[in-house]
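Visitor: kindly return the folded structure for what I paste below:
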Amino acid sequence: MSSLEPQRSLGPCCRLLWRRRVSAPSGPCDSLWTSARSGPFLGSKEIEMLTVSLFVRLEAKPGKEDEVAAFLRQGLQLANQETTTPLWFALRLGPTTFAIFDAFQDEAGRQNHLNGPIAKALMTQAPNLLASPPVIERLEVLGAKLPQ
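Guide: All right, here's what the predicted structure looks like:
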């Protein structure tokens, strides 16, 4: 087995899928093959593979923690309106540390989000709520497990 093939611990149909990406194997990996060919499903809507993401770290000013949390909860309403943002999370990492994680199908979706209403609202509120400017990291998605 070459170093590019999967480990022997994978089932035979998964190894077959790895080697023969042309026709679908039969057996327990049928759903894996279907997901690999057509992309994961989110609810009843098929979506393409998420390939890029953002991780934004936010540090609240002392006494502003509840306001930052409320601001992020309101961000969900805006995220739900963004058609190019299929995955969005507001997170609390610690007492004063928060984050936003979102993922996109392509760079165009990520740019739309960075130029959209959530980013504009965040930059407008940052001086009032945050101890330092948001730290925005652009990430590549290597894999994702999404609800089917």
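
Visitor: how about the helix ranked longest in the chain as PDB, C-alpha atoms only?
Guide: If you go by DSSP state H, the chain has its longest helix at helix 65-81. Only the C-alpha atoms of helix 65-81 are listed here, as PDB (Å, rounded to 0.1, in the frame of the first residue of the first chain):
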ATOM      1  CA  GLU A  65     -18.900  40.800  28.900                       C
ATOM      2  CA  ASP A  66     -22.700  40.600  29.000                       C
ATOM      3  CA  GLU A  67     -23.000  43.200  26.200                       C
ATOM      4  CA  VAL A  68     -20.600  41.300  24.000                       C
ATOM      5  CA  ALA A  69     -22.500  38.100  24.600                       C
ATOM      6  CA  ALA A  70     -25.800  39.900  23.700                       C
ATOM      7  CA  PHE A  71     -24.200  41.400  20.600                       C
ATOM      8  CA  LEU A  72     -23.100  37.900  19.400                       C
ATOM      9  CA  ARG A  73     -26.500  36.400  20.100                       C
ATOM     10  CA  GLN A  74     -28.000  39.100  17.900                       C
ATOM     11  CA  GLY A  75     -25.500  38.300  15.200                       C
ATOM     12  CA  LEU A  76     -27.200  35.000  14.600                       C
ATOM     13  CA  GLN A  77     -30.200  36.800  13.100                       C
ATOM     14  CA  LEU A  78     -27.900  38.500  10.600                       C
ATOM     15  CA  ALA A  79     -26.000  35.300   9.900                       C
ATOM     16  CA  ASN A  80     -29.200  33.500   9.100                       C
ATOM     17  CA  GLN A  81     -29.900  36.100   6.400                       C
END
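
Visitor: mean confidence for it?
Guide: Helix 65-81 comes out with an average pLDDT of 96.

Visitor: packing partners of that helix?
Guide: strand 87-92, strand 97-104, helix 117-129 (3 or more CB pairs under 8 Å, 6 or more residues apart in numbering; DSSP states H and E). Quick note: C-beta positions are derived from backbone N, CA and C, even for glycine.

Visitor: what angle do the first one and helix 117-129 make?
Guide: Angle, strand 87-92 to helix 117-129, by axes from the mean of the first three to the mean of the last three CA atoms, to 10 degrees: 10 degrees.

Visitor: show me what contacts the closest residue to residue 84 other than its chain neighbours?
Guide: Nearest non-adjacent residue to residue 84, counting by CB to CB, 6 or more residues apart in numbering: residue 109, 3.6 Å away. Residue 109 makes contacts with 52, 84-85, as judged by CB atoms under 8 Å, 6 or more residues apart in numbering.
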